[in-house]
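S.K.: Task: produce atomic coordinates for the following.
(4 chains)
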Amino acid sequence: MSGLQIPMEHVLALAGLLFSCGLMGLMLRRNIIFMLMSLEVMLNAVALAFVAAGAQWGQADGQIIFLLILSVAAAEVAVGLGLVLQIQRRFKTLDMDQARRLRG
Amino acid sequence: MMATLFYLAAFIALLATGLALTRTNAAHALIYLIVSLLAVAVLFFLMGAPFAAALEIVIYAGAIMVLFVFVIMMLNVGQEGIEREREWLSARNWVVPGVLAAILLLELLLALRAAPATTSGVAVTPKEVGLALFGPYVLAVEIASMLLLAGLVGAYHLGRRFIVRRERRR
Amino acid sequence: MSMAVLILMLLGGGLLAWQSERIHPDLPRWTALATVIVALVFLLVSLPPEQPTLPTDPRGTGDWLLHLKLAWMPRFGIALELALDGLSLLLLVLTLLLGLIAIASSWSEIDFKPGLFQANLLWTLAGVCGVFLAVDMFLFFLFWEVMLIPMYLLIAIWGHENKTYAATKFFIFTQASGLLMLLAIVVLAWQGLAASGRLSFSYFDLLGLTLDPRLGWWTMLGFFLAFTVKLPAFPFHTWLPDAHTQAPTAGSVLLAGILLKTGAYGLLRFCIPLFPEASLQFAPIAMGLGVAGVIYGAVLAFAQSDFKRLVAYSSVSHMGFVLLGLYAWNQLALQGAVMQMVAHGISTAALFMLAGALQQRLHTRDMGRMGGLWHQAPRMGACAMFFAVASLGLPGLGNFVAEFLVLLGLFAVQPWLAALAALGLITAAIYSLWMMQQTFQGSPDEQRKLADFDVREMLAMGTMVVALVWLGLYPQPVLDLAQPVIDSLQHLVPSDNAVVALAPGAAVNKP
Amino acid sequence: MAGVWLIPLLPLASALLLILSTGKMPRQLVALLGAGSVGLAAICVALLARDFLADGEVRQLTLWTWLAVGEFTPRIAFYIDGLTVVMMSVITGVGFLIHLYSIEFMWDDESICRYFAYMNLFVAAMLVLVMADNLLLLYLGWEGVGLCSYLLVGFWYRDPANGRAARKAFIVTRVGDTAMALGLFLLFTELGTLDIQPMLVAANSHWQVGDSLPILATALLLGGAVGKSAQLPLHTWLPDAMAGPTPVSALIHAATMVTAGVYLIARTFGLFLLAPPTQEAVAWIGLLTLLLAAFAALAQSDIKRILAYSTISQIGYMFLALGVGAYASGIFHLVTHAFFKALLFLAAGAVIHCLHHEHNIFRMGGLRTRLPVIFWSFLIGSAALAALPFTSGFYSKDAILLSAWEIPGIGPWLWAGGLLGAMLTGIYSFRLVFVVFFGSAHTEPDRQPGWKMATPLIVLCVLSLLGGLLVLPLSGVFPPAAHPAASHAVEYISIGTPLLGLLLAYLLFLGRQLSIDTLADGPLGRGLSDLWLKGWRIDQLYDAVWVRPYLGLSHWWRNEPVDRIYNALVSLCQWAHHRLCALQTGQLRWYATSMVFGLVLLVAIMLRNAT
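M.R.: Below you'll find the predicted structure:
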């Protein structure tokens, strides 16, 4: 491949920005579907950081971690979306502020 | 040229993410999210991780997002749902998340002031990844497979009851 | 090995008693009685005739009669290590004797799950025996907990009207303080590791440890708190009146008779020898607490209208003397403290048994509803009078010897504190006599039917009467048994220390 | 004389037997056992006394070592010298007479077995007290007699007032006992022994006359003596202690136990010689007590209370004697007092017994002809009490007053005070005689005393009359007193004063030449008689100063103030629980935000540590 060399700060800053966006989305949205999406964004940002780190050293480890993150994300989405269906059925809403049975 | 491509993709990723998270219509948001994921895949490719880029497209943008699409379709949120989303996105609700996220970002950026480095520019081939994956990381693969199995069972369990009830109601 | 067998015997007897309930509801108490008697006989028979001192520790502490060390968790330096010396023997005999009394006192009191009751009783005894025998700090802590849980159950299941509160309070106090002790034990073991490069929880390995003064102070405090809560010393005593009042008779007897002694034993065996310097520094505070306990307990005992509460507060007062004796730290006072452990164990157990008997017969503990009972139950009255005057320290009975020795020893060290503590003698008279007035004296209610003590109860009472008189008139065997431990404690004090310099007899030898 | 241990053992064994019989023994056997054991003990003492008078040898007997802790090795051991023999004789002799008397007095009581058990226990304890070789054993006897006193004062337990009196007796003396215990601690700490004789030797070699330590030690011992002997300021229990059966008052609260304080000071006189200030305090306490008690006796109307105050007053004389160093005279007065006061109490008991438990002297009267034996006993007892010439009381009291006169400086004052007391004694004792036995009858006796009552009275009459002729074998015990060489005038005044008191009593209460009513009706008279009736209101003072504060304190602490700390802890936990519960809103976004907040903090901390 070409010898494209990107400053690590830039990649990591991008990852940070994406992560913050996801985090903000998580806190901002009340719809659980959007919250799940925000989670995906955050996971993705972290994956980006790992891949960048792997790229810095030219090692495979970063991509392997990305793979693991990928499987985590897949599992999480599968279960999460299952939950979304249940929530919709039980509470007749996707508003997480309404679903607060865990209040102490 | 390549560097420009990189920054362009980064910009697209950011922009798409921002748009995705501020949409009121879940389907629109999803499309933006897919765009963002594709942009990240480009970034992966440019950083010398073609295998990761491929997976990002196939699994993330493909499989996972399709799941979202299905669910959104099943829930079938109408126009009033969109109106409600708009209400919830009022400026007042932005303050605390925005400030916290901004502080965190600031902190992360501060933490990045460490020694300057660049990506090596050497591509890591799928072969290398595969060798490492089924070499030293084989335990991680096992764990991941367990996790996926658990996710499978969980999703089946949660989703099945939803479907069965619905059928019974019919 | 016989020590382990003793503990196992009690544990096994408990299981047996529990299960024997299935055959006949009366069987558990007979099983329990037989177990304790066998254990007592076994203990006395298995004692070796004069044996050389077994383990030698750095400071030549004590004269051990038996020693047993089995590997348990060698990786952490934890072993099943038991040892028996005169003091342990004394307390073991007291434990088993009072175990018998406890079983006798609850003979016909328990209808609900008698098997489990007797099992808990025996398990408590097993735990206490373990505490008196264990010389591995980890094992000691284990037994410390073991004796706590069955006692908690005794109160919580078979207690009186407010049992849950009392049991929980008892548990929390003991548990919280026990946690501090656990921390202290761990710190101590780590210090041992740092000093000798070997992790060991054995008492003998930890004994000679020199600690950083600050660390030693805090570690000592961990032990001190655990033991003084159990003792109980002012101001950690508030669990005691509640627990005593709510516990079934046997529970009160065990609690007052022996569980409190584990606190004193811990101070004597562990807290002081392990941290002599810190303890020496701490002695004035401890003695202050002791005096406060003596006076405070006595005043509160007088204020009570509940028979058992009164006796409970009198325990607080009496155990104050133990604390005083231990920290006055000379031969006289230490002997007095040991003596008080034994004598108080007996006299208070008797008073609780009496209270239990009254409650069983009159269905009240409120002394305002008693009065003139002497008329209906002279034997009971005579016993009550005997133990009341024993508890106020009548010469010729064990308690007097104990209190006199403590005060005599204390006077040499802290005359003013001794004078203050002596006020306890007056206040003890006030509450003891007031108790007698409210219960057995005064005008009797002629309508009331009250069965006097029967043979079983008189037998139990008679044993304790004889024991107290014996302790009061010829306490030498007890004193001799405890002497080695006390000698070793005295060696711990630097010879130029003021406590020893002021010790009795010094004045005579001077010119 | 190896059998000395039998003497306390006999009554002790009898007491144990009686207790173990739990009241099932027949009355006759109880009486036999109760009185017989003391009688046997008395015979043993008589034998011992004969031997002792023959050779004058001090006898010591060690039974066993009580306990041995380091240097502290008190023994159960007896030390018998002249003083002990005298005390033992009084205890068993008078004790036996009183036991004999009790048989009749208590015959109808359902608890006669208990009574004799306590009485025998008392005799045993009292014997141990006087025979003790060391102060710890003495303390055993000391507390033992206190316990018996408590048990016997509260013997009729059904009346709460009796219980109250008994408790008061025990607790007030216990205050003194505690001081004494501290004295023992001090003596042991400083001298290294509690054995009396070695201790006295050690004290002489360690301490100079006037050192502060012997003063402190003797002051503490004096505290014990003052409590047991009902002297100021701890005398208040004795008048109330009259709640017990009258023979008990005779034995315990007149003849023996209350003189234990005198015995203690006499026994340890070597210490008091080293502490002149304490010695002087003893004298002043004695004087003050004898005067205050004599005044109080003037105003009482309960026959036993009069006698109780007179006991306090007479023991005051003994203290006066001890205080001026006339130990032998003090012990002599102790002995004669035991005779005549026991006589008076027994006679008073007989009156009470014959008059359906009437205690008020103003409801008696005219008994002279109806109860002649009692009258003569009472008359002789009163004469001895008032120290009329040639009675036993005369000899002993006279000796005390003369010894007091001898003291340089304060002597005449003590003497004058003692004289005033003697006059008052004459007045109150004959007031009693005149009011009870002369005049018109208010209550008719329903029975006559039997032989078991009469015999002790007669024997004690003889002793009260002739007791002054006794020569006590005390010469080896105390330093020889300087022979009184007072002028004849002093002697005549001493003799005449009691007669003056008798005359005054006659004029006031029998001849009625002086009107007692006009005296008592004036504002001063009424105030004084009220004050004296209430024993100078010292009880009220103590009530306000000690009893009420103690009750208040116990009431205030009743609900366990310490527990408030722990309850506060519990409340804190509960409060925190509710606050923390409020955090758990169940809102996912809130949780997420909190987590982010934590994350922000965490990263901030990491950043700070990194730089």
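S.K.: which secondary structure elements does the worst-scoring helix or strand of chain D on mean pLDDT contact?
M.R.: Across the helices and strands of chain D, mean pLDDT, DSSP states H and E gives its lowest value to helix D:516-521, namely a mean of 72. The contact analysis (3 or more CB pairs under 8 Å, 6 or more residues apart in numbering or on different chains; DSSP states H and E) places helix D:516-521 against helix D:523-533. Every residue, glycine included, has its C-beta placed from N, CA and C.
S.K.: got the contact list for the helix it packs on?
M.R.: For helix D:523-533, contacts defined as CB atoms under 8 Å, 6 or more residues apart in numbering or on different chains pick out D:295-296, D:298-301, D:519-520, D:537.
S.K.: and what of stretch C:368-382?
M.R.: So stretch C:368-382 is in contact with C:305, C:307, C:354, C:357-358, C:362, C:364, C:438-445, C:448-453, C:458, D:19, D:22-23, D:114, D:157-158, going by CB under 8 Å, 6+ apart.
S.K.: among the residues you listed, which are within reach of chain B?
M.R.: With CB under 8 Å from any CB of the partner chain as the criterion, those include none near chain B.
S.K.: Just the ones of those in strands?
M.R.: Assignment to strands by DSSP state E places none of these there.
S.K.: Give me the neighbour count for the closest residue to residue B:74 other than its chain neighbours.
M.R.: In this structure, residue B:74 finds its nearest non-sequential neighbour in residue A:85, 6.9 Å apart by CB to CB, 6 or more residues apart in numbering or on different chains. By other CB atoms under 10 Å in any protein chain shown, 19 other residues sit near residue A:85.
S.K.: which stretch of helix or strand covers residue A:85?
M.R.: In this structure, residue A:85 sits in helix A:61-91 according to DSSP states H and E.
S.K.: same deal with residue D:60?
M.R.: strand D:59-65.
S.K.: which stretches of the chain have low pLDDT?
M.R.: Picking chain A for this. Where chain A drops to pLDDT under 70, the residues are A:1-3, A:102-104.
S.K.: looking at chain D here, not the other one
M.R.: For chain D, the stretches flagged by pLDDT under 70 are D:1-2, D:481-486, D:611.
S.K.: In it, which residue sits nearest chain C?
M.R.: Closest contact between chain D and chain C, by CB to the nearest CB, is at residue D:192 (3.3 Å).
S.K.: For that residue, what are phi and psi?
M.R.: Dihedral angles of residue D:192 (phi, psi; degrees, to the nearest 10) stand at phi 80, psi 10.
S.K.: Cross-check the contact I'm expecting between it and residue D:201.
M.R.: No: using CB atoms under 8 Å, residue D:192 is not in contact with residue D:201, being 11.6 Å away.
S.K.: So the two - more neighbours on which side?
M.R.: More crowded of residue D:192 and residue D:201, by other CB under 10 Å: residue D:192, with 20 against 14.
S.K.: quick revisit: checking the strand holding residue D:60 against chain C, do any of its residues make contact.
M.R.: Yes: against chain C, strand D:59-65 shows contacts by CB under 8 Å from any CB at D:64-65.
S.K.: So which elements touch the next helix or strand after that strand?
M.R.: Moving toward the C-terminus from strand D:59-65, the next helix or strand (DSSP H and E) is strand D:75-80. Where contact means 3+ CB pairs under 8 Å, 6+ apart, strand D:75-80 is packed against strand D:59-65, helix D:112-131, helix D:135-153.
S.K.: what angle sits between the first one and helix D:112-131?
M.R.: What that stands for is strand D:59-65. 110 degrees (axes from the mean of the first three to the mean of the last three CA atoms, to 10 degrees).
S.K.: Dump the C-alpha coordinates for strand D:59-65 into PDB.
M.R.: The C-alpha trace of strand D:59-65 is given here as PDB (Å, rounded to 0.1, in the frame of the first residue of the first chain):
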ATOM      1  CA  ARG D  59      -3.000 -17.200 120.600                       C
ATOM      2  CA  GLN D  60      -2.700 -17.400 116.800                       C
ATOM      3  CA  LEU D  61      -4.200 -20.000 114.600                       C
ATOM      4  CA  THR D  62      -3.900 -20.200 110.800                       C
ATOM      5  CA  LEU D  63      -6.500 -22.300 109.100                       C
ATOM      6  CA  TRP D  64      -5.500 -21.900 105.500                       C
ATOM      7  CA  THR D  65      -4.100 -19.400 103.100                       C
END
